[in-house]
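Enquirer: with the input below, show me the fold.
(2 chains)
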Amino acid sequence: MDFDAIVVGSGISGGWAAKELAEAGLKVLMIERGREINHQQDYATEWKMPWDMPFRGEGDSDLYDAEYAVQKRNRHFTEFTQPHFVNDAQNPYQTGEGTDFTWFRSYQLGGRSLTWGRQCYRWSDYDFMANARDGHGTDWPIRYADLAPWYDKVESFIGVSGAKEGLKQLPDGQFQPPMALNVVEQHVREAIAKRWPERCVTIGRTANLTEAKPDEARNACQNRSICARGCSFGAYFSTQSSTLPAAMKTGNLTVITDAVVEKLAYDPATRRVTAVHYLDTKTRTRKQASARLVFLNAGAFNSVHILLNSAQAGMENGLANGSGVLGTHIMDHANTLAAAAIMPGFEMHTTFGNRPTGVVLARYRNMDVMDGVGHTRGFSFQGGALQSTWTQGNRMAGIGADYKETLRRPGPWRMVLASFADCVPRASNRLTLDRTKTDPNGLPQLKIDFAFGKEELAALAQAKAEASEMLTAAGGKVLFGSDRPGAGGAAIHEMGGARMGHDPASSVLNKWSQAHEVANLFVTDGAQMSSSACQNPSLTYMALTARAAHAAVSMLREGKI
Amino acid sequence: MPISDYRLARRDFVAGLALFAAAAPSLAQAAQTSHKQATSPRHLLLREVSQLVIPRSTTPGAGEVGVGAFVLLGLAHGLAGSHGALPKTLPEGVAAHVGADGRLDYVGWLKAALDQAAGAPFMAQPPARRHAVLAALDAQAFDPKAGWHPWKAIKKLILTGYYTSEVGGSKELNYVHVPGRFDPDLPLKPSDRAYSSDWTGVDFG
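Expert: Below you'll find the model as predicted:
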């Protein structure tokens, strides 16, 4: 054996797997498909002003149409952050008929931990019991109590700022001091609570430090809100700022980049993965490495791709797929702008600094009373209040001195609420390999079939009506609202495909994120998810990864693997 | 990197900014340079139109800081949707400027529209007349009943070019790259300038 463990992927969950396994004393190899990005020195645009950029931060639209046709639809994709997103022309995928799916990807050391939205919400038993309750999907083999101590561990290490609210549906955690609601958000929080005491607007729980962590060389957030360029202050959680240095400190971690994993080799006699095959994209040579344990953290869809592409004689439908559900029941939150309103009455108020989080309005439907209209799950809102600046001029008539003077001043306050609805797991939403089309590495392209259903549309319709009602009650004048979801993938919470479950006949992974059929194989990224909740999922991936790593180490020591 | 080095890095950065400001040519020199470069009729027209939209006040206007050239660059690379599909019904006078590739020649259209509205070459008009002609075109484009209008893309590029320039972004408005704190509620005085570095405001305002 070359290593004790191989971790495929270096993003949010891969970094955690590497850290936990290396700290347990295992010799770990981390394999990353993209380029190396070193903390601080490789954040090329972090200190650039708009006037330093060839296209002033807007980027070259013709180039983006030609080569970044999907990534450009991500609102975090700009000329400043373009180096942290894939080139779509070089990384093609297929979609089924009628599917509009934007697959946002960051192939690089650190993966999407560099570009993520940093929102960290615990799931509750409303979420872990959702499938059992309404019969969609398969029951989770874990409950909140199984994960709570791992949430504690992850939050304490990565640093999550947030306010404790005592909500059953959004459990409190190990928080650093919260960032502040601005004056309008504070007003909206109070106005909504007055009329609907069960509806809570709270500051986003975000992996941005409000207190430095000097032992880890991480500084407090500087309120720039340009996180996705990379942060030399180490103020938000990324692999580079947090888990990678911890893993490196053990002396047990080896990292290779520019290495695309093609498949896992499997020995039917021992029922173990025996090797990881990868393409060294710099030398164009095929290589392999072996280990006693393999953790797949390639990102939900790419982990599924690896398993599907690891088919061999006797397991033609892919590795660990005796159930036949591998690739099925993929999800993404149905997401849209539920309401935007002008908020009069605050013309004499302003703020200073760029807070790197919005607010969240926690789920309040379908908890102890089933009060959703046409749906059985939850929706929640994220958004915030902001003051217009010069871009309001794009919508305004006028030229000359008065026009310039108007744009010189902060504009009206607006409040926006974006809805995120739980996505029901469906067998028809699935990933397959397109055997006729290959990517530039010669691998079969992933094919995505995905559509939202009547449950998500009903939830977004209720969210739109209620968002409008709440902002109006807070004194807002609603300008716009939508109940039409963006494309699949637009929430950037794509998950599922190798779901966890009690029964090997209907799920890929057991309650330890371990393949039912392959004892030394763990999948601990978004692929393992059995339902979607309506909260951002990354914190849960991290907690599940830490939990699985500890379970794997115990099994290894007990000779079970 | 230990925390003390972070502080050092930030100090270096602030010191670097001061150096940069000291080394930068005076605004008048910059304006002169961009004026010299902008000698083609297309450049001159866009320089003038930019300056009419954002004129000199206590800070230089858009034409003076090279926004005309940015508009041309933006139009050449499809910014502000300028290489997107055109609507089926076009405002009067636009169709004549759509090329064989289906793309609109925005500058050609603008010149023709302004010349026609002026009843004579626009650039030969006295300043007050140019202002009036452009103001009328702008009012027409932003009439709520007007729908799609090519002037909106040009105006958007003028605003982008100006408020992302060093003068527009950091002299006319405020620019703070490292706020270092967040104040959630401050009194707003009538003289307070907006922030071009308020990225949320820029995106959603």
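
Enquirer: do a quick rundown of the strands in the stretch 301-450 of chain A.
Expert: Counting by DSSP state E, counting those that start in this stretch, one finds strands in the stretch 301-450 of chain A at the ranges A:334-342, A:349-352, A:359-361, A:379-387, A:413-421, A:430-438, A:444-449.

Enquirer: possible to save the ones you listed as JSON lines with mean neighbour count and mean pLDDT?
Expert: The way it works is simple: take the backbone N, C-alpha and C, and place the C-beta from them, glycine included. Shown next, in JSON lines, are the strands of the stretch 301-450 of chain A (neighbours: other C-beta atoms under 10 Å in any protein chain shown; pLDDT from 0 to 100):
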{"stretch": "strand A:334-342", "mean neighbour count": "24", "mean pLDDT": "98"}
{"stretch": "strand A:349-352", "mean neighbour count": "21", "mean pLDDT": "98"}
{"stretch": "strand A:359-361", "mean neighbour count": "25", "mean pLDDT": "98"}
{"stretch": "strand A:379-387", "mean neighbour count": "25", "mean pLDDT": "98"}
{"stretch": "strand A:413-421", "mean neighbour count": "27", "mean pLDDT": "98"}
{"stretch": "strand A:430-438", "mean neighbour count": "16", "mean pLDDT": "96"}
{"stretch": "strand A:444-449", "mean neighbour count": "20", "mean pLDDT": "98"}
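
Enquirer: make TSV from those and add distance to A:Ile306 to it.
Expert: Written out in TSV, the entries for the strands of the stretch 301-450 of chain A read as follows (distance: least, C-beta to C-beta, whole Å):
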stretch	distance to A:Ile306
strand A:334-342	27
strand A:349-352	46
strand A:359-361	34
strand A:379-387	32
strand A:413-421	28
strand A:430-438	11
strand A:444-449	10
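
Enquirer: let's have these in a markdown table, adding distance to chain B.
Expert: As requested, the strands of the stretch 301-450 of chain A are arranged in a markdown table below (distance: least, C-beta to the nearest C-beta, whole Å):
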| stretch | distance to chain B |
| --- | --- |
| strand A:334-342 | 8 |
| strand A:349-352 | 4 |
| strand A:359-361 | 12 |
| strand A:379-387 | 5 |
| strand A:413-421 | 6 |
| strand A:430-438 | 27 |
| strand A:444-449 | 25 |
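
Enquirer: so which of the ones you listed comes closest to A:Glu216?
Expert: In this view, those are compared for proximity to A:Glu216 by C-beta to C-beta, and strand A:359-361 is the closest at 26.4 Å.

Enquirer: ok, that closest one: who's next to it in the sheet?
Expert: Partner strands and pairing direction for strand A:359-361 (DSSP bridges) are strand A:201-203 (antiparallel), strand A:379-387 (antiparallel).

Enquirer: could those strands go into CSV alongside distance to A:Gly98?
Expert: As requested, those are arranged in CSV below (distance: least, C-beta to C-beta, whole Å):
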stretch, distance to A:Gly98
strand A:201-203, 37
strand A:379-387, 24
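
Enquirer: which of the ones you listed sits closest to A:Ser225?
Expert: Of all the strands paired with strand A:359-361, strand A:379-387 sits nearest to A:Ser225, with 11.2 Å by C-beta to C-beta.

Enquirer: for the helix or strand that contains B:Leu134, which positions count as buried?
Expert: Secondary structure here is read from DSSP states H and E; on that basis B:Leu134 sits in helix B:127-141. Counting neighbours by 16 or more other C-beta atoms under 10 Å in any protein chain shown, one finds that the buried residues in helix B:127-141 are B:Arg130, B:His131, B:Val133, B:Leu134, B:Ala135, B:Leu137, B:Asp138, B:Ala141.

Enquirer: number of residues surrounding A:Leu326?
Expert: Neighbours of A:Leu326 under the rule other C-beta atoms under 10 Å in any protein chain shown: 26.

Enquirer: would you mark the buried spots in stretch A:75-88?
Expert: Counting neighbours by 16+ other C-beta under 10 Å, one finds that the buried residues in stretch A:75-88 are A:His76, A:Phe77, A:Thr78, A:Glu79, A:Phe80, A:Thr81, A:Gln82, A:Pro83, A:His84, A:Phe85, A:Val86, A:Asp88.
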